[in-house]
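1. Next one to model:
(one chain, ligands or ions: 3)
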Amino acid sequence: MRIDKSKIQEYNDALLNAHKRKFDFAAEHIPDINNIINQLIEFNVAIPSWALGTGGTRFGRFPGGGEPGTLEQKMEDVGLLHALNQSSGAISLHIPWDIPENYAEIKSLAASFDLKFDAVNSNTFQDQKDQELSYKFGSLHHTNKAVRKQAIQHNIEVIKHGIELGSKALTVWLSDGSCFPGQLNFRKAFQNTLESLEEIYAALPEDWKVFIEYKCSEPNFYSMTVGDWGQSLLFANKLGPKAKTLVDLGHHLPNANIEQIVALLLMEGKLAGFHFNDSKYGDDDLTVGAMKPYQLFLIFNELVEGMDARGMNHAKDLGWMIDASHNVKDPLEDLLQSVEAIMLSYAHALLVDRQKLNAAQESNDVVVAQEVLQNTFRTDVRAIVAEARIRSGGSLDPIGFFREQKIRAQLIAQRGKSSIATGL
Ligand code: AFD
Ligand code: MN
Ligand code: MN
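-> Ligands and ions are numbered 1, 2, ... in the order given. Coordinates of the predicted model:
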């Protein structure tokens, strides 16, 4: 379904006076407010094609109906999010869950929703129907060269799909690892993976990147072959300038200082970008900002500081994506909440008084440094983010609009109660 722009306008009109009061108050002491708003307008976060349906756990799955059953419907859903928030203008495909059949048609559909194709993702963590060799004991790190070859070939296929669609990066997430001590020779596993990645790297077009995503555990519980940022960075450094490290917020050991990881990867020019989500225990894939909003802000603070130090474009020079899974919420509402949380953190980071923070750091004034960050974090910037949204044609209140227009009920009427989306 497509959202009628005049409906958004109508909905906004009723809320406009109240919004204006909040915005004027929020903007009062920000001299370069228009500049901040333009940066917010530019900033977009890609939506993964696998997050549009109900995720579930290994214990069960409780779909809410109207899930997108085809790639076209998934794009329709992302188009819907983008129409509402104007900040979700890209989709990230997972192959073979979303094999595009007719590139020209898919591309024109994307254009009609004002969507771009973000990084393409390979999948060597599952065995597909008719697949010759199994990934039970890994893919790119496998002891058997034939399995490695098959996985390399798959990644090259994924790059080919991406080229047709206009993607500029391949994200490789490996489930390779071991479940028990002694199962694996770590050094050989690393070297096999490196060799495999080298072949994939060689297949990258000139203007492409490969994002190497690390994860500390699951589905392997004793070791993961790309288990942390150090291991990912080792691969990225050995591979060359097109290889970078991708940070997924749910992939660290408990209490890891992710903002410090981000600062150093940025310093090295090796940060690929993000998979945003939130977690309490592990790779929980919860709504961004649901558990640790202050951590999210601290990460954005390092991102803005580090990108500015390198003269990078906030919107374009890193890959921004959500990687979440929804068990009890409507996936579209959940994604709207996630994008909003990201925009709020970005807005906060743009508002940090950098001069004051630098001075406090240089003079070891711990209290003032903390005050600068916490005062910013405790400032209500919701009206500023909402202003950016309406200036670019989005809804003042995306979730309110989604509910008022009964969008899920409309999707169920179109697609049925039991349509199921592919993905995890
Ligand atoms: C994994 C990773 C990753 C991968 C996804 C599959 O976060 O990005 O593509 O799940 O759904 O945990
Ligand atoms: Mn991820
Ligand atoms: Mn994950």
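2. low-confidence ranges in the chain?
-> Of all residues in the chain, those with pLDDT under 70 make up the ranges 423-424.
3. Give the burial count for residue 195, as a bare number.
-> Neighbour count of residue 195, defined by other CB atoms under 10 Å: 14. C-betas here are computed from N, CA, C, even on glycine.
4. Now do the phi/psi pair for it.
-> phi -60, psi -40 (degrees, to the nearest 10).
5. what about the residue nearest to it when sequence neighbours are not counted, helix or strand, and which?
-> Closest residue to residue 195 in three dimensions, ignoring its sequence neighbours and counting by CB to CB, 6 or more residues apart in numbering: residue 148, at 7.6 Å. According to DSSP states H and E, residue 148 maps onto helix 145-165.
6. hang on, the earlier thing: what residues are up against the residue nearest to residue 195?
-> With contacts taken as CB atoms under 8 Å, 6 or more residues apart in numbering, residue 148 has the following neighbours: 139, 140, 141, 142, 192, 195, 196.
7. In the stretch 301-424 of the chain, which residue sits nearest ligand 2?
-> Per CB to the ion, residue 323 is where the stretch 301-424 of the chain lies closest to ligand 2, at 3.7 Å.
8. How about the contacts made by that residue?
-> Shown in contact with residue 323 (CB under 8 Å, 6+ apart): 48, 51, 248, 250, 275, 276, 277, 285.
9. tally of neighbours for the first one?
-> In other words, residue 48. By the other CB under 10 Å criterion, the neighbourhood of residue 48 contains 25 residues.
10. then stretch 132-150 to PDB, C-alphas only?
-> This file holds the C-alpha atoms of stretch 132-150, laid out as PDB (Å, rounded to 0.1, in the frame of the first residue of the first chain):
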ATOM      1  CA  GLU A 132      25.400 -29.500  -2.300                       C
ATOM      2  CA  LEU A 133      27.600 -29.200   0.800                       C
ATOM      3  CA  SER A 134      26.600 -28.400   4.300                       C
ATOM      4  CA  TYR A 135      27.600 -25.400   6.500                       C
ATOM      5  CA  LYS A 136      27.100 -27.400   9.700                       C
ATOM      6  CA  PHE A 137      30.700 -26.900  10.600                       C
ATOM      7  CA  GLY A 138      31.200 -23.500   9.100                       C
ATOM      8  CA  SER A 139      31.600 -21.900   5.700                       C
ATOM      9  CA  LEU A 140      34.500 -19.600   4.900                       C
ATOM     10  CA  HIS A 141      36.600 -21.200   7.700                       C
ATOM     11  CA  HIS A 142      35.700 -24.800   6.900                       C
ATOM     12  CA  THR A 143      38.300 -27.600   7.000                       C
ATOM     13  CA  ASN A 144      37.100 -28.800   3.600                       C
ATOM     14  CA  LYS A 145      38.200 -26.600   0.700                       C
ATOM     15  CA  ALA A 146      35.100 -27.500  -1.400                       C
ATOM     16  CA  VAL A 147      32.800 -26.100   1.300                       C
ATOM     17  CA  ARG A 148      34.900 -22.900   1.400                       C
ATOM     18  CA  LYS A 149      34.700 -22.600  -2.400                       C
ATOM     19  CA  GLN A 150      30.900 -23.000  -2.300                       C
END
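11. Please see if stretch 234-251 touches ligand 2.
-> Yes: when contact is scored as CB under 5 Å from the ion, part of stretch 234-251 falls within range of ligand 2: residue 248.
12. Pull out the buried positions in that stretch.
-> Neighbour-count burial for stretch 234-251, counted by 16 or more other CB atoms under 10 Å, picks out 235-236, 239, 242-251.
13. likewise stretch 69-76?
-> Within stretch 69-76, the residues that count as buried by 16+ other CB under 10 Å are 69, 71, 73, 74, 75, 76.
14. Wait, a strand at residue 247?
-> Yes: with the criterion set as DSSP: H, G, I helix; E, B strand; the rest coil, the secondary structure at residue 247 is a strand.
15. That one touches residue 265, doesn't it?
-> Yes: with contact taken as CB atoms under 8 Å, residue 247 and residue 265 are classed as touching, separated by 7.3 Å.
16. And whatever residue of the stretch 101-250 of the chain ends up closest to ligand 1, its phi and psi?
-> Among residues of the stretch 101-250 of the chain, the one nearest ligand 1 by CB to the nearest ligand atom turns out to be residue 173. It sits 3.9 Å away. For residue 173, the backbone dihedrals (degrees, to the nearest 10) come out as phi -120, psi 120.
17. Could you report the distance from it to residue 251?
-> With the distance defined as CB to CB, to the nearest Å, residue 173 ends up 9 Å from residue 251.
18. Residues of this structure that sit close to ligand 2?
-> So the chain meets ligand 2 at 248, 275, 323 (CB under 5 Å from the ion).
19. Name the SS class of the second one, please.
-> Following three-state DSSP, we place residue 275 in the strand state.
20. Show me what it bridges to in the sheet.
-> Partner residues in beta bridges with residue 275: residue 248, residue 321, with DSSP bridges as the criterion.
21. Tell me who's in contact with it.
-> Applying CB under 8 Å, 6+ apart, one finds that residue 275 lies in contact with 213, 246, 247, 248, 249, 250, 251, 321, 322, 323.
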